[in-house]
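> got a sequence here, can you model it:
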Amino acid sequence: MEWEFRSAFNAFANEFRGWRKFRKASGVWPVYSMIYGVISLPVFFISVTFGLLRAFETHRLAVIYSVLFFVVICGAAAWYGLRRLARKLDLVRAKSAHSNFPTATLEEFIR
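Got it, this is the predicted structure:
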């Protein structure tokens, strides 16, 4: 239990360090990535769980297995796509703030 807590804490700390590096380099906080990072996992967890529970209520194996497959695949694709969109929006904001760093360097900070 302690290992998992430490691992989750380190993941959040590394994410925050990247946001801080991005702010130091560009002069603006990566607001879209921060909002997405805080809100996305609970929202996707709740929506995937809701979809799976609704499928389990049908008591049909074909429906359960297909929903399990599609909900997980579509949820992962949506999570990844929205994360990329948040990064791109933050990069546009940073470029409008006249950052001296190249776009590739700024994007590395919020990965």
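> these two touch, right, Ser47 and Gly75?
Yes - under the criterion of C-beta atoms under 8 Å, Ser47 makes contact with Gly75 at 7.1 Å. For every residue, glycine as well, the C-beta is placed using N, CA and C.
> helices of this structure, residue ranges please.
2-26, 31-56, 61-96, 103-109 (DSSP state H).
> show the contacting residues for Leu85.
With contact set as C-beta atoms under 8 Å, 6 or more residues apart in numbering, Leu85 has these partners: Tyr32.
> what about Val67, how many neighbours?
Neighbour count for Val67, taken as other C-beta atoms under 10 Å: 19.
> quick check: closest non-adjacent residue to it.
Excluding the flanking residues, the one nearest Val67 by C-beta to C-beta, 6 or more residues apart in numbering is Ala55, at 3.7 Å.
> and Ala13, how many neighbours?
The local packing of Ala13 (other C-beta under 10 Å) involves 10 other residues.
> over to Gly37?
Residues near Gly37, counting by other C-beta under 10 Å, number 18.
> what sits closest to it if chain neighbours are left out?
Counting by C-beta to C-beta, 6+ apart, Gly37 lies nearest to Glu15, which is 6.0 Å off, once chain neighbours are set aside.
> quick check, pLDDT for the one you found.
On pLDDT, Glu15 comes in at 84.
> so what's the residue nearest to Val67 up against?
Applying C-beta under 8 Å, 6+ apart, the residues near Ala55 are Val63, Ile64, Val67, Leu68, Val71.
> spatially nearest residue to the fourth one (excluding sequence neighbours)?
Closest residue to Leu68 in three dimensions, ignoring its sequence neighbours and counting by C-beta to C-beta, 6+ apart: Leu52, at 6.4 Å.
> I figured the one you found hits Phe69, correct?
No - assessed by C-beta under 8 Å, Leu52 is found out of contact with Phe69, at 10.9 Å.
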